[in-house]
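Chemist: Please work out how this folds:
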Amino acid sequence: MERNVDLMEISDGKIYGLNDMVKACAGNCAGCSACCHGRGDTVTLDPLDVHHLKKGLCLSFEQLLQRGISLSVVEGVIRPSIMMTDEEDSKCVFLNEQGRCRIHSFRPGLCRLFPLGRVYQENGLGYILLTGECVRENRTKVKVRKWIDMPDMPAYEDFLCKWHAYLKDLQQVFFESNDDAFLKNMNMYVLQKFYVEDFAAEVFYEKLKEKLDEARRLF
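Modeler: Modelled structure (predicted):
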């Protein structure tokens, strides 16, 4: 979820790099799953998140829509997000009976970040420590890189920046266009190319870039 707010209102005011230490570690979240409750459709998924879910759960995108993700519109663009249960105290559908994450090893990027947030800058990505989000006190310091725990961080960050830029461009097109048929076709194209179609794991970033280049030529 993107927020257009003053960083001082939602963070400690600092921007961290991958090698900085930040108070994010909550002792393996033992006995706590508060951040997995009441999130609505804010845990949005990028193509890599969906790729990991499909591989980790051995499900197609269509099957995921039945078992764990939903579609919502964010500034005109259809995007998948993690599904919450329908009960009053809604929670992530991937929590088990003990309140532990069933997909932790291949959890989405936003889940990996929490309680951090991303800041997209001209020279790349920065990270902030969100205040008033994690309910655990006495968190310990951990290196940002270790906390996110993704292989090949330079390639991952490059992907995130490219995808974010593409989404911003898409949203601008939606803002300027009044052609409903065109906008529907564009959304269906993005859904098909970046989420429904499978990526080979070993060349994900390469294929994603090719698809982005093709999409920019078409629209």
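
Chemist: make it CA atoms for all contacts and neighbour counts henceforth
Modeler: Noted.

Chemist: so P115 makes contact with C134?
Modeler: Yes: between P115 and C134 there is a contact under Cα atoms under 8 Å: 6.0 Å.

Chemist: Of the two, give the one with the bigger neighbour count.
Modeler: The residue with more neighbours, out of P115 and C134, is P115; 21 against 18, by other Cα atoms under 10 Å.

Chemist: who's in contact with the top helix by length along the chain?
Modeler: Longest helix of the chain, by residue count under DSSP state H: helix 153-176. Helix 153-176 is contacted from outside by D46, E75, G76, V77, Y120, G124, L125, R145, M150, L183, Y205, L212, using Cα atoms under 8 Å, 6 or more residues apart in numbering.

Chemist: what distance separates it from the centre of its chain?
Modeler: For helix 153-176, the separation from the chain centroid amounts to 12 Å (computed by Cα atoms, centre = their mean, to the nearest Å).

Chemist: What residues of it count as buried?
Modeler: Going by neighbour count (16 or more other Cα atoms under 10 Å), the buried part of helix 153-176 is F159, L160, C161, W163, Y166, L170, V173, F174.

Chemist: any idea which helix or strand comes after that helix?
Modeler: Downstream of helix 153-176, the first helix or strand assigned by DSSP states H and E is helix 180-191.

Chemist: Convert that next one to PDB, retaining C-alpha atoms only.
Modeler: In PDB, the C-alpha atoms belonging to helix 180-191 read as follows (Å, rounded to 0.1, in the frame of the first residue of the first chain):
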ATOM      1  CA  ASP A 180     -13.500   2.500 -20.500                       C
ATOM      2  CA  ALA A 181     -13.000  -0.300 -23.000                       C
ATOM      3  CA  PHE A 182      -9.300   0.600 -23.400                       C
ATOM      4  CA  LEU A 183      -8.800   0.700 -19.700                       C
ATOM      5  CA  LYS A 184     -10.500  -2.600 -19.200                       C
ATOM      6  CA  ASN A 185      -8.300  -4.200 -21.900                       C
ATOM      7  CA  MET A 186      -5.200  -2.700 -20.300                       C
ATOM      8  CA  ASN A 187      -6.100  -4.100 -16.900                       C
ATOM      9  CA  MET A 188      -6.700  -7.500 -18.400                       C
ATOM     10  CA  TYR A 189      -3.400  -7.400 -20.200                       C
ATOM     11  CA  VAL A 190      -1.500  -6.600 -17.100                       C
ATOM     12  CA  LEU A 191      -3.300  -9.200 -15.100                       C
END
